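> Need a 3D model of the following:
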Amino acid sequence: MLKICTVYYRDQYTLDYVGKLYDSIRRNCSIPFQSVCISDDPGVEADIVLPYNHYGDIKKHWHKLKFFSPNFGYQNPGDDIIIMDIDQVITGNVDDLIGHPVQEKELITYGIWWKSVLKTNGGFYKFKSGSLAYVWDDFAENPAYWQMHYYKDRIVHFPYYGEQNYVNWRAEENGIKIIPTPEEWIGKCDIDKDEEIGDNRLYLEKFGDFMFLDGVSPNIKVVHFTGPGNTIHNNSNDWIKDYWK
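The predicted structure is shown next:
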């Protein structure tokens with residue numbers, strides 16, 4: 001069984017982000033999957049809804065790490081697990097992305113074409129259930145430390161950021177093979193318009209087409225809305241209404 005897992009909590013996003021992500025994947029993917037969401041609203045649209053605890057030690061998107069435990073989310077041995085952020089818009093067929101083959105001790109993640117010191121991208125992880133269990137086990141021993149570690153060390157700019165830094169480090173420390181998807185599959189929409197223009201030009205230089213102009217490049221399968229406060233529903237790009245529904 002393939003499980004696609006997400007986290008939703010009342011903050012900057014509206015409840016429909018989860019349903020729209022899953023619906024758009026199903027429209028653009030022929031591979032059957034089970035949708036799983038950790039949510040503080042039981043009305044979220046998913047096959048399995050798991051409770052989000054606001055009063056526990058784990059904060060915000062760090063709840064995603066629970067899915068690395070084979071004992072969480074009704075996982076079974078041999079399941080393929082995908083973890084996705086909900087602030088993404090599916091713009092093309094994703095059979096090759098969702099169905100990307102993965103073996104034990106491998107981690108599939110978005111290929112990164114922009115400047116980054118990491119090999120992983122927190123918007124998309126795919127792995128075999130249980131094969132990266134230590135990512136959760138080690139984190140669960142001291143979540144308060146890890147959730148602020150990368151901010152206190154000035155590696156990230158916002159409190160409670162750094163989850164993908166942690167996953168990247170754990171994977172490399174344990175000899176996991178990190179496999180990037182083709183870089184041109186992922187588009188990046190930034191809240192800073194100057195940065196978005198720069199990214200658009202960089203994408204053109206690398207892949208021979210703009211990310212966004214009159215529409216979305218046909219190379220792109222998914223557009224990720226990056227950075228705090230960068231919401232899909234408040235974005236002015238005209239192409240969003242064609243895909244985010």
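
> List the buried residues for the longest helix belonging to the chain?
Taking DSSP state H as the criterion, the chain has its longest helix at helix 193-207. Buried residues in helix 193-207, counting neighbours by 16 or more other CB atoms under 10 Å, are found at 196, 199-200, 203, 207. Yep, even glycine has a C-beta here, placed from its N, CA and C like the rest.

> Can I get it in CSV, CA atoms only?
Taking Å, rounded to 0.1, in the frame of the first residue of the first chain, the C-alpha atoms of helix 193-207 are listed here in CSV:
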residue,chain,number,x,y,z
LYS,A,193,8.6,38.9,-5.8
ASP,A,194,12.2,39.9,-6.6
GLU,A,195,13.3,36.4,-5.5
GLU,A,196,10.6,34.8,-7.6
ILE,A,197,11.7,36.7,-10.6
GLY,A,198,15.3,35.6,-10.0
ASP,A,199,14.2,32.0,-9.6
ASN,A,200,12.2,32.3,-12.8
ARG,A,201,15.3,33.4,-14.7
LEU,A,202,17.4,30.7,-13.1
TYR,A,203,14.9,28.0,-14.1
LEU,A,204,15.0,29.4,-17.7
GLU,A,205,18.8,29.2,-17.7
LYS,A,206,18.8,25.6,-16.5
PHE,A,207,15.9,24.1,-18.3
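
> in the protein, which spans are strands?
Counting by DSSP state E, the chain has strands at residues 2-8, 34-39, 48-51, 80-84, 88-90, 106-109, 124-128, 177-180, 186-190, 222-226.

> before we move on, back to that, next, the angle from the longest helix of the chain to strand 222-226.
Per axes from the mean of the first three to the mean of the last three CA atoms, to 10 degrees, the angle that helix 193-207 makes with strand 222-226 is 150 degrees.

> Give the other helices and strands that helix 193-207 contacts.
Under the contact criterion of 3 or more CB pairs under 8 Å, 6 or more residues apart in numbering; DSSP states H and E, helix 193-207 touches strand 186-190.
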